[in-house]
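A.B. asks: Predicted model follows, preceded by the sequence.
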Amino acid sequence: MALIKPFKAIRPAKDKAPFVVSRSYEKYAKKELRSILEYNPFSFLHIINPGFKFHKTISGKERFKLVHNRYMEFLEEDIFEKDKEASFYLYQTGKGDFQSLGFFCTCSLQDYAEDIIKKHEDTIQRREKLFADYLHTVGFNAEPVLITYKDNPRIDQVLQSELEKTPEYDFTTTDKIRHRLWKISDEETLKELMQTFKEMDALYIADGHHRSASSHLLAKRRTKENKFHTGSEAYNYFMAYLIPESQIKIYEFNRVVRDLNGYSIEEFLIKLDEFFRIEKKEDGLYKPTKKHHFSMYLGGEFYSLYLRNTKYTFTDALSKLDTQILFKTILEPILGIHDLRNDKRISYGYGKHNIIKMKDSIDKGDFKVGFSLVPITMDEIKAIADAGLVMPPKSTYIEPKLRSGMAIYEL
């Protein structure tokens, strides 16, 4: 039984919304970031980069306090406004032939703790604590956790009927992505959506494992500190964007490695022969087309690697995952990479054009070998989560990527 609740969002004033919302901070090049901070006083980037106002780089607890101050300034200057009634917020985003439709709500951290909200990635304790400290100081959450649910005709019908109404926002950002948002505050509609989710056995985190883990850590801290804790406080919930499984796009992460761990190309190919049937490809770029099939770029040549099923044993959902197969057959035993998250010899790239970038980086000599995989499926993600297992790092790149500042949840 999944518990979701409406909330009173802090949102940009209607005339300022296109100027407020921002991509993730790390997605901006330095020149682009500086230009926005210089010429757009409404950008949410001013809140998360408060040192710009003082021409100073500020970090740690001092930065957290200033983030809170900038947020309060946005409220005081009516750049942000608080809704008077608790609502769900239907949000459609898309570009070209890829469209996503879901809604902002709050999810229960008790559901998170009891594994009704399921995870498939591991988290780093240090990052959990840091972001929990951040949330505690700033007092708001501006980046929702992306959570999927099984496609449901009843929910689809409700959301499609809301699409016929006039949206609160309708604008296109400079990356040509269109954004539309509707407020759902009708009491009967809210009840119907909440009841439908109560009938679901599970929800699945697609993106935002550290955000949800940090919210859970913060809730545990505040529960201990609050002598009058009731369970209904804002910190018992976290902001999420719920989206049906069919509305997400999953890309693969390619892997590139800086050296062959002391092997020559010929020796390396002989090592690979134990687990793979190897074929050299003569024509241009080569990408894999099915599971347990890999593309490799090495020494100016593309190769296909077909897993020898007689050599590799499938034992559980994790062992069937291509990123795990690559790790257990090549990266760890042959190339000596044991820590996929921190080893500086390995790097990752995503997206439909990344195989070109992978080839270029190897041709330039920055890396020695690269591997391309097919994208992981939603069924594989769910199988991993249902089994309580954890994917290797950088197994999926999932869209949509949501804008910061579109809707804010106060803690």
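C.D. replies: Cool, got the structure. If you're wondering where the values come from, they're calculated on a predicted model, not measured in any experiment. Numbering: from 1, shown residues only.
A.B. asks: which strands and helices sit next to the top strand by length along the chain?
C.D. replies: As assigned by DSSP state E, the longest strand anywhere in the chain is strand 98-108. Contact here means 3 or more C-beta pairs under 8 Å, 6 or more residues apart in numbering; DSSP states H and E; on that basis strand 98-108 packs against strand 4-5, strand 88-95, helix 153-163, strand 237-244. Backbone N, C-alpha and C define where each C-beta goes, glycine included.
A.B. asks: Need the residues that contact the helix or strand that it is followed by.
C.D. replies: Following strand 98-108 in sequence order, the next helix or strand is helix 109-113 (DSSP states H and E). Residues from elsewhere that reach helix 109-113 (C-beta atoms under 8 Å, 6 or more residues apart in numbering): 2-3, 117, 203, 212, 215-216, 219, 231, 236-238.
A.B. asks: which residues are in contact with whichever helix or strand comes after helix 109-113?
C.D. replies: Downstream of helix 109-113, the next assigned helix or strand under DSSP H and E is strand 117-118. Under the criterion C-beta under 8 Å, 6+ apart, residues 2, 107-108, 111, 147, 202-205, 212, 382, 385-386 lie in contact with strand 117-118.
A.B. asks: Mind putting those into CSV with secondary structure and neighbour count?
C.D. replies: Formatted as CSV, the contacts of strand 117-118 follow (DSSP: H, G, I helix; E, B strand; the rest coil; neighbours: other C-beta atoms under 10 Å):
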residue, secondary structure, neighbour count
Ala2, coil, 20
Cys107, strand, 26
Ser108, strand, 21
Asp111, helix, 18
Ile147, strand, 24
Ala202, coil, 16
Leu203, strand, 23
Tyr204, strand, 20
Ile205, strand, 23
Ser212, helix, 23
Lys382, helix, 18
Ala385, helix, 22
Asp386, helix, 14
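A.B. asks: re earlier: buried ones in the longest strand of the chain?
C.D. replies: For strand 98-108, the neighbour count (16 or more other C-beta atoms under 10 Å) marks 100-108 as buried.
A.B. asks: residues making contact with the helix or strand encompassing Arg255?
C.D. replies: Per DSSP H and E: Arg255 is located in strand 253-257. Under the contact criterion C-beta under 8 Å, 6+ apart, strand 253-257 has outside partners 323, 326, 331, 335, 337, 345-350, 354-355, 358, 361-362, 366-373, 394-397.
A.B. asks: Just the buried ones from those?
C.D. replies: 323, 326, 331, 335, 337, 345-350, 354-355, 358, 361-362, 367-373, 394-397.
A.B. asks: what does the domain assignment say about the chain?
C.D. replies: Residue ranges for the domains of the chain, per automatic domain parsing: 4-250+399-410, 253-395.
A.B. asks: End to end on the last one, go ahead and measure it.
C.D. replies: This stretch, domain 253-395, spans 6 Å end to end (C-alpha to C-alpha, to the nearest Å).
A.B. asks: Just the mean pLDDT for it, thanks.
C.D. replies: Averaging pLDDT along domain 253-395 gives 94.
A.B. asks: what does the first one give?
C.D. replies: Across domain 4-250+399-410, pLDDT averages out at 95.
A.B. asks: How far does that domain stretch from one end to the other?
C.D. replies: First residue to last in domain 4-250+399-410 (C-alpha to C-alpha) measures 16 Å.
A.B. asks: Please list all residues in contact with the closest residue in space to Glu410 that isn't next to it in sequence.
C.D. replies: Excluding the flanking residues, the one nearest Glu410 by C-beta to C-beta, 6 or more residues apart in numbering is Phe140, at 5.0 Å. For Phe140, the contacting residues are 10, 71, 408-411, by C-beta under 8 Å, 6+ apart.
A.B. asks: ok, which stretches of the stretch 251-400 of the chain are strands?
C.D. replies: Counting by DSSP state E, counting those that start in this stretch, the stretch 251-400 of the chain has strands at residues 253-257, 276-281, 293-298, 301-307, 346-350, 369-372, 397-399.
A.B. asks: could I have the longest one exported to PDB, CA atoms only?
C.D. replies: Output for strand 301-307, consisting of C-alpha atoms alone and laid out as PDB, is shown next (Å, rounded to 0.1, in the frame of the first residue of the first chain):
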ATOM      1  CA  GLU A 301      39.000  -1.300 -34.400                       C
ATOM      2  CA  PHE A 302      35.500  -2.200 -33.300                       C
ATOM      3  CA  TYR A 303      34.800  -5.700 -32.000                       C
ATOM      4  CA  SER A 304      31.600  -7.600 -31.100                       C
ATOM      5  CA  LEU A 305      31.800  -9.600 -27.900                       C
ATOM      6  CA  TYR A 306      29.200 -12.400 -27.500                       C
ATOM      7  CA  LEU A 307      29.000 -13.900 -24.100                       C
END
